[in-house]
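Undergrad: Build the 3D model from these lines:
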Amino acid sequence: MNRPIKKIKVAIMSHEFDRRPERTLYFRRLIENLLKVDFIDLYLIHFEKMVDEPLYKRAHEILIPKINLPWGSRFVSFVYFCFITKEHFDIVHWLMPRIFPLFWLFPAKKVVVMAHGGGDVLIKDGIWTMARRIFNWTIILFQKHIDAFIAVSNYSNTEIIQAYKVSPDRVVTIYNPLDPFFLEKIDNKEKKIPYKYFLYLGRFRLHKNLGVLVRAYLKLKERNINVEEKLMLAGGTRKELEETFGVMPDSPFVNDIVFTGYVDKEDMPKLYSGATAFVFPSLNEGFGLPPLEAMSFGTPSVVSNATSLPEVVGDAGLMFEPNDDETLVDMLEKIATDTSFREELSKKGREQAKKFTWDKTLQKTIWLYRKVLSV
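TA: Residues are numbered from 1 along each chain as shown. Here you go, the predicted structure:
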């Protein structure tokens, strides 16, 4: 007689998913996939009712009673919930390394934190709010209460160990998968933009290293006037770029640099698929999804050889030293002028993108749940 499979009762702190649902596609897919696993009993725990979010109807939803204060309302509400709830869980899974002080009061046997990487501590170009400092120091000082950290690459694995002073045996690498949204076929009429372009898509923060890309592009246009491509910087404005990287160089080709501002997810496939190449000169990435997304459309990716990017791109793209704008010029010129070379990179990129699947990510996550519960 077969015994019924004992269910794993998992609580996900889903308030991070509520804050910016358009920016947390990974969180949505994780929840959707865990809901398909018959031996996982999934609870989504958050602070405010999301009327239009169907995932809360498919899982067990628990609303934390809100205590309104001038500051620290969520923290106090969380601690209050820990004391009054009658629920008990096998695992509590935090989606971000923004865990509240006294997190160990939560009624779960094991604590799993998706820390992504350690850049939140190690990179100094961000906005250091008091809340962010508290989150970081909570992990650093009380990491002994965390049973497992999830890193999104082997590089971010080492970052977590360094940033939060964690023993290596408690950090597990689970690669970010390529979202199925980026595997959907794009209608040829939809993807047409009326000019050729190199593309960058992302934020305009200092560690994104966009000054090098701008310099390389202007040098390329000055060297080879037959290169038709514009440079599309998607995700921000010229003002944002200049506030971070300084005034644009004095060049007759500056007008060939196009700024799109914020890009909706629905518009990303059109931008990726229409580009001659995707360029990502970042100095630090925990994973770096944009090059992978670009490669899924057959767009060659040119990335810096920094941090996690070699893991993501493999031998399917081109890599350069982050400050070597001369090599970047050569790479962009080669892609723009050599059709067979561009097609070879396109084919390799599509194959590389297929390696990062949700099936692998889900299975590794389930393995981690079982691992922490067996200890």
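
Undergrad: all contacts plus neighbour counts: C-alpha atoms, from now on.
TA: OK.

Undergrad: mind checking the longest strand of this protein?
TA: Criterion DSSP state E: the longest strand present in the chain is strand 108-116.

Undergrad: which element follows that strand toward the C-terminus?
TA: Counting by DSSP states H and E, the next helix or strand C-terminal to strand 108-116 is helix 119-122.

Undergrad: So what touches that next one?
TA: 136, 159, 163, 284-286 (CA atoms under 8 Å, 6 or more residues apart in numbering).

Undergrad: do the same with stretch 234-247
TA: 199-206, 210-211, 248, 259-263.

Undergrad: again, 10 Å this time
TA: By CA atoms under 10 Å, 6 or more residues apart in numbering, the list of residues contacting stretch 234-247 from outside reads 199-207, 209-212, 214, 233, 248, 257-264, 268, 271.

Undergrad: from those residues, which would you call buried?
TA: With burial judged by 16 or more other CA atoms under 10 Å, the buried subset of these is 199-207, 209-212, 214, 233, 257-259, 268, 271.

Undergrad: Can you flag which of those residues belong to helices?
TA: Here DSSP state H is the test, and the buried ones among the contacts of stretch 234-247 give 210-212, 214, 268, 271 as lying in helices.

Undergrad: quick one: which of those residues is nearest Lys49?
TA: The shortest approach to Lys49 among these belongs to Met268, at 29.5 Å (CA to CA).

Undergrad: surely that closest one meets Phe182?
TA: Yes: Met268 is within contact range of Phe182, at 8.6 Å (criterion: CA atoms under 10 Å).

Undergrad: Which neighbours do the two have in common?
TA: Common neighbours of Met268 and Phe182 (CA under 10 Å, 6+ apart) are 293-294.

Undergrad: buried stuff in the lowest-mean-pLDDT helix or strand in the chain?
TA: Sorting the helices and strands of the chain by mean pLDDT, DSSP states H and E puts helix 119-122 at the bottom, at a mean of 71. By neighbour count with 16+ other CA under 10 Å, helix 119-122 contains the buried residues 119-121.

Undergrad: what would those residues look like in a markdown table with distance to Leu95?
TA: As requested, the buried residues of helix 119-122 are exported to a markdown table (distance: CA to CA, whole Å):
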| residue | distance to Leu95 |
| --- | --- |
| Gly119 | 16 |
| Asp120 | 14 |
| Val121 | 17 |
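
Undergrad: Just the closest of those residues to Lys334, please.
TA: Taking those together and measuring to Lys334 by CA to CA, the closest member is Gly119, at 33.1 Å.

Undergrad: mind checking how far the closest one is from Tyr155?
TA: Distance, Gly119 to Tyr155, using CA to CA, to the nearest Å: 11 Å.

Undergrad: which neighbours do these two share?
TA: 284-286.

Undergrad: between these, which is closest to Glu321?
TA: Distances from Glu321 to the shared contacts of Gly119 and Tyr155, taken by CA to CA, are shortest for Asn284, at 12.4 Å.

Undergrad: How about the contacts made by that closest one?
TA: By CA under 10 Å, 6+ apart, the neighbours of Asn284 are 119, 123, 155-156, 207-209, 304-309, 322.

Undergrad: Over to Pro310?
TA: 155, 287-288, 303-304, 316-319.

Undergrad: Next: Leu210.
TA: Contacts of Leu210 by CA under 10 Å, 6+ apart are 200, 203-204, 216, 233, 241, 244-245, 279-283.

Undergrad: Any stretches of the stretch 151-300 of the chain with poor pLDDT?
TA: 184-191 (pLDDT under 70).
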